[in-house]
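*Asks:* Test case, fold it:
(chains A and B)
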Amino acid sequence: MIIPADALADLRAALSAERVADDPHILDSYAAQPFHKVEPGVWVHRPIAVAMPENTEEVIELVKICNKYKLRYKAISTGWGAQGGAGFDNVVQVDLRHMDRILEIDVENRTIVVEPYVTCAQIQAELMPLGLNLHIHGAGSNCSPLASATSHMGMGFSSISMGYAPRNIMGVEWVLPTGDLLQVGSIGSGAGWISPDGPGPSLRGILRGWAGADGGFGIFTKCALKLYPWAGPSEVNVTGTGMDHLDVEIPENNSFHLCVFKDMESYGRALYDLAHAEIGYIQAKVAPGLALAISQFDRFKLTRDNENLRKMVGGFSHQFFICLQGNSTEHFDYQVHVLESIVEKNGGSMLDISQVMGTPPGAMWWMLVRNSLAPAMFRPTGNFYSTLGGDESIASALRQDIEGEKLKEGFIAEGACEDDFGDNAHTLLYENGLFAHTEELLLFDHRNREQGEKLKDLSDTVMREIPEKLLGGGGFSFFAGGYAHDYLGPQMDNYHLWQRRIKTAFDPDDLSDSKYFINSEGAELAEH
Amino acid sequence: MKVTEAVALPELIHDAAERGAGITVRSSTGPGREGRSEPAENCTQIDLSGIDRIININRDERVAIVEPGVTYQMLADAIEPHGLRVCHPLLPPAGKSVLASLIDREPQTIPKYHWDFTDPLLCAEVYFGTGERFRTGGAAGPGKTLEEQWSGGMFQKNPLGPAQTDLIKLVQASQGTMGIATWASVRLECKPEIRRGFVTAGSFARLAEFVSAITRRRLGDEIMLLDAAQAECLSSALNITAPALSGGEWLLAIVIGSLPFHPEESIAFQVTEATELAAAVGVELNGDETGFVRAITAAATAAGDWKRASLGEDFSQIYFLSTLNRAEQLVDVARKAWGASEPDSDICVASYVQPLNQGRTCHVEVTIQGRVSLDDGARKLAEAGAFFSRPSAATTPVAYERCPDTVRALRKVKDVLDPPHVLNPGRLFDDPRVEV
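*Replies:* Purely as a prediction, here's the structure:
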């Protein structure tokens, strides 16, 4: 499809000719989105134009133009997955890269206001000298915290002390699907960015749920986020680059630990103890096969092909790493003492990671603080896929880990993905264990057509298993789009009916690209 | 009308819709402070206080599920043997429903556990104006019943969703206009073995600076700032002695509680840090010699409503959100608005500032002796930056006239969740006084 000439002219008049493109080679560059595609292959739909607004007024204008010509539109900022690309044939891709300003840092009240293309790394560099930090979501520090908090998910290594991204929202400026502006929370009443809710019922309730609409429900142009303390130095002493060559001195009152347990039961008990203890700055499980694959691929291959080494690495399956940070030496010492007690109580061990993986603890510590591990996931095989992910209790996370491993073993046996020893759960706690996240990761090569074909049923297989085996909520399956909602909704109190009614009320022409949200297809059938 | 089973609600809703009538609900017992739950004309009030089971308590998960009639005292008593406690508002009256308080987004007294404004509410069962039942967050399933979900290790803990909408946020603070909650899961915390109360007096600015410093580190359990009149209200209601304050001074009440592991050691580092931070801003932490802090941090009061016990029936109140560095200025606006700042004024205006959201925001509550008009004062406060997050009848017009985009969006949502407009019609954004 090509964009109607009148629509293109209107967009160029609104934004300037330089910031609206319909050149095929530019459009194609937005259509190569091989990550987290449900269907095999590299390409998503080619957009009919790309528009790059510089401010909220321009976003409003372009959304109104799309409404006028009944064109779908889809926003992207720093996204690196299929969810950022066009879901249909007649989509204007709205690239928000020019909206990249930090608008305000309120040190006293610990909030920041950002535009969509500001990255976590950019913010963190500004915050550390102020004794502050931000929650960096799983996609990594190269990504937009606004996109995570408003539009996608938001778990990350710092979740234990800094929560889940959407719960860090303090207010949002939102261009609704029809082009009307809505300021959510106190900012809408001219009272600053002090509350995301009210007056009365909170419109955060339609803005997103556990998951965001992935561009299917308007465009978010500003967002205020909570900040958290950083008790480290203004600048961390780092030399070298890349995972294998980093040399980092862990600052005073900070530490990194790998805690290993003999079985799932003792690991689970330790997680519950940790959840009650109110300690920890950063925490997660990264399965040993995965950790080895992304950090030392040669060692990984050696281990994979040697049965004894496999068994040995398998002994590290029930583990989590944790970074402690103390506001004072006493606080730090207390946390170390508690962690030692938890590990001892549950028959575990605290290991030196440099002996296990050959990666210096300082390097691991810094990669976790910066959250630069996520991009490294592409190193071993070129691509990966996440499944399950229905956040609930620790017990539910462990159950998902067990079932996820079984499920994955089948795909490994078929050659659908890399043999990374099966266990590849990535598990973490939110808010001192209020609830927990887990996901099962598969490494594969999207250029390998055979693997792509064998993996195409993965999303549907997991989606069927979730209700059958009670594996938490829908998790990543929600992003399969409308049909996933029509399958999971009836098994989850018919949430899909409400989600669709809200989408229809605010986007009657379904123009905000709803491929990964919900649309009116099948609505009549579902209502009956 | 007293309802004893939630399953009766769909029929009542459909019946009211057919008659063109409305429904309001009430879960607490005893008199309310603002007449919020008084039914409007042509509305039936449904009393849910008789539905009062504690459905589940789970120590490992630190969660309980409560029905509408469960009071704070009932819940506190039930969870105490499990070594758990519930976060609650300042001295909830004896008949105060936990569920009603959670659904009303009432301010909590322990800022470090207040991660988000919805806390400590997690999931809920809700009936919408269509008569449909819906369970929010992790409670949506999969698993058709709570028991089935428990068998899969799911304990109604995820407060978000399900999926890509979050309907509980639309029900909270809606005063029953969006849905009727019939049970809720509530986040609990480990009960500290050791609790040490402290008080300190000083200028609001210094105390606020100290509070900002400790909440930033998530130090301290209950933390409250009270002016002299507020401290006096509480002490007279509870028949205890408040620490002495000199002119213009505020009182900071703070509890430092032990953590589950190595309780003595946990108290030691917290007290050391708090003492150092207090000294850095020139205030001193003193022990709770009179038991004032212990008394005002209880989960419920036998005296009923402490405001009534202290002020009788004749008082007015206004509350809003602000930040610690702006709250004092807004309290001054309120005092001026109701004539308490005049040198010879005998009008009693009591102010209470509750840090929320780990200290990023605060709830400011101003109580004025006597029945006074709040309209002009509310407008002045809004102009000065007060945010009426939970509008009362008096603050509804000023709260919504400032955000017409929000009103339009909420009305659209109301049409989805309550198409016949049967749930507490004519309130909040649908109040006829709200003009867009």
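*Asks:* Against A:H331, how distant is B:T272?
*Replies:* Separation of B:T272 from A:H331 (C-beta to C-beta, to the nearest Å) stands at 9 Å. (Glycine included, C-beta is placed from N, CA and C.)
*Asks:* no, scratch that, I was asking about A:W43
*Replies:* Here the distance between A:W43 and A:H331 works out to 52 Å (C-beta to C-beta).
*Asks:* Compare those two (neighbour count), which wins?
*Replies:* Under the criterion of other C-beta atoms under 10 Å in any protein chain shown, the comparison of A:W43 against A:H331 puts A:H331 first, with 21 against 14.
*Asks:* and the longest strand for the chain?
*Replies:* This is for chain A. strand A:435-444 (DSSP state E).
*Asks:* my bad, the chain I had in mind was chain B
*Replies:* Among the elements of type strand in chain B, defined by DSSP E, the one spanning the most residues is strand B:180-190.
*Asks:* Now look at that strand and say if it contacts chain A.
*Replies:* Yes: shown here: strand B:180-190 in contact with chain A (C-beta under 8 Å from any C-beta of the partner chain) through B:R187, B:C190.
*Asks:* tell me the mean pLDDT over that strand?
*Replies:* Per-residue pLDDT over strand B:180-190 has a mean of 98.
*Asks:* quick one: strands adjacent to it?
*Replies:* Note on strand B:180-190: by DSSP bridges, its sheet partners are strand B:63-66 (antiparallel), strand B:84-86 (antiparallel), strand B:121-127 (antiparallel).
*Asks:* so which of the ones you listed gets nearest B:Y113?
*Replies:* Distance to B:Y113, taken as C-beta to C-beta, is lowest for strand B:84-86 among the strands paired with strand B:180-190, at 9.8 Å.
*Asks:* Determine the number of other residues adjacent to A:L132.
*Replies:* Around A:L132 there are 20 residues (other C-beta under 10 Å).
*Asks:* Contacts only, for the residue lying closest to it once chain neighbours are set aside.
*Replies:* Computed as C-beta to C-beta, 6 or more residues apart in numbering or on different chains, the closest residue to A:L132 that is not its neighbour in sequence is A:L227, at 4.5 Å. A:L227 is in contact with A:I105, A:R110, A:T111, A:I112, A:L127, A:L132, A:N133, A:L134, counting by C-beta atoms under 8 Å, 6 or more residues apart in numbering or on different chains.
*Asks:* Show me the two of these that sit farthest apart.
*Replies:* Taking C-beta to C-beta as the measure, the contacts of A:L227 reach their widest spread between A:T111 and A:N133, a distance of 13.1 Å.
*Asks:* Might one say that A:M153 is in contact with A:H137?
*Replies:* Yes: between A:M153 and A:H137 there is a contact under C-beta atoms under 8 Å: 7.0 Å.
*Asks:* Identify the contacts common to these two.
*Replies:* A:A165.
*Asks:* And the contacts of stretch A:344-356?
*Replies:* By C-beta under 8 Å, 6+ apart, the list of residues contacting stretch A:344-356 reads A:256-262, A:266-267, A:269-270, A:273, A:288, A:316, A:321, A:339-340, A:342-343, A:359-361, A:364.
*Asks:* Show me the contact partners of stretch B:1-14.
*Replies:* B:23, B:44-51, B:67, B:125, B:127, B:129-133, B:180, B:182-183, B:422-423.
*Asks:* Show me which of those residues are buried.
*Replies:* Members of the contacts of stretch B:1-14 that pass the buried threshold by neighbour count (16 or more other C-beta atoms under 10 Å in any protein chain shown) are listed as B:23, B:44-49, B:51, B:67, B:125, B:127, B:129-133, B:180, B:182-183, B:422-423.
*Asks:* Which ones among those map onto helices?
*Replies:* When the buried ones among the contacts of stretch B:1-14 are checked against helices (DSSP state H), there are no matches.
*Asks:* Regarding the chain, what is its longest helix?
*Replies:* Picked chain A for this. Looking only at chain A and at elements set by DSSP H, the helix with the highest residue count is helix A:394-414.
*Asks:* To clarify, I was referring to chain B.
*Replies:* helix B:263-280.
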